[in-house]
Each structure stands twice: as C-alpha cells, then as structure tokens.
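Q: Next comes the sequence, and after it the predicted model I'd like to discuss.
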Amino acid sequence: METASITAWTFLQEIPVPPDVTELLVQGETAVAAFKTFRDSAVFTTKRLIVRDAQGMTGKKVEIYSLPYASINMWSSENAGRLLDTNAELEMWTRAGHIKIKVGKGADIRRLDSLIAWAVLR
C-alpha cells in the first residue's frame, strides 16, 4: 500500500556540522553528521534527525523539524548501484507518517543508510 509522504527533503552533500546547531541540542545530545539541503541543513545527532528549512525570500524565518529515532518504524534505501547515483532515495516510515529523502550526487546513500541503522538499532 502506498502512503502519501508527509514531507520530502533533498540532502545534497555531507558538510561539517553547523556551529549554531548546538543551541538546539539537549543535555547529553551531540551532533554526529550534517548534510546540506536546498535552503539549510540536516543534522544527525545521538538522539534525532534535525532538519532546518529556511523560509521566504530572505531565509530569515526558519522551520525546524525534529525526528526522534525512536519514532522510525522502518526505512529503505534505493539507488541504481552506481557510485555517483543522482536518483538515490531514502524512505522512512515513522509514527508521524512517511518521509522521503532524495539524495544528491554529492551525498552517499550508503552513509545515510548506515547513519539511520546506527541511530535506530543501537
């Protein structure tokens, strides 16, 4: 059964963790990896995935999504099997709904798959 995505993001490439993400973290939480999105960034922490999405023309308004790993029920990754695949995709089924992440050619789908596995299965 196909369910509609509640949201879709595109991760373009892995980047250093933005320094200002620390203000979003709770005690005992640390940032592990970050990816550039079209308008901002996505950060994997020890507890959740934080996606920041700049809004509007100036980008001063920022919407922040927080996905606790405990809410991920299942995930899948798909690519054409080439090293630099422009059509890679990661999907997650969560308590909140279905989330699709498109993976740009500068990001490694296997790295993302590994991060999700580490976060959910530990």
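A: Structure received. Numbers count the residues shown, from 1 in each chain.
Q: got any ranges where this protein has weak pLDDT?
A: When residues are selected by pLDDT under 70, those of the chain lie in 1-6, 59, 80-86.
Q: centroid residue for it?
A: The residue lying closest to the centre of the chain (C-alpha atoms, centre = their mean) is A42, at 5.2 Å.
Q: mind listing the helices for the protein?
A: Taking DSSP state H as the criterion, the chain contains helices spanning 109-121.
Q: beta partners of the closest residue to T7 other than its chain neighbours?
A: Nearest in space to T7, with sequence neighbours left out and distances taken as C-beta to C-beta, 6 or more residues apart in numbering, is I99 at 5.6 Å. In this view, the C-beta of every residue, glycine as well, is placed from N, C-alpha and C. Beta bridges link I99 to T7, M92 when assigned by DSSP bridges.
Q: what about stretch 112-122, distance to the chain center?
A: 11 Å (C-alpha atoms, centre = their mean, to the nearest Å).
Q: For that stretch, C-alpha coordinates in CSV please.
A: Presented in CSV, the C-alpha positions along stretch 112-122 are these (Å, rounded to 0.1, in the frame of the first residue of the first chain):
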residue,chain,number,x,y,z
LEU,A,112,22.9,7.8,5.1
ASP,A,113,21.6,4.2,5.4
SER,A,114,24.4,3.4,7.9
LEU,A,115,23.6,6.5,10.0
ILE,A,116,19.9,5.5,10.2
ALA,A,117,20.8,1.9,11.1
TRP,A,118,23.2,3.2,13.8
ALA,A,119,20.6,5.6,15.2
VAL,A,120,17.6,3.2,15.2
LEU,A,121,19.2,-0.1,16.1
ARG,A,122,21.6,0.8,18.9
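Q: in it, what's buried?
A: Neighbour counts over stretch 112-122 (16 or more other C-beta atoms under 10 Å) mark 112-113, 115-116, 119 as buried.
Q: Residues in contact with it: which ones?
A: Applying C-beta atoms under 8 Å, 6 or more residues apart in numbering, the contact partners of stretch 112-122 are 11, 32-33, 35, 44, 49, 69, 72, 75, 77, 90, 92, 101, 103.
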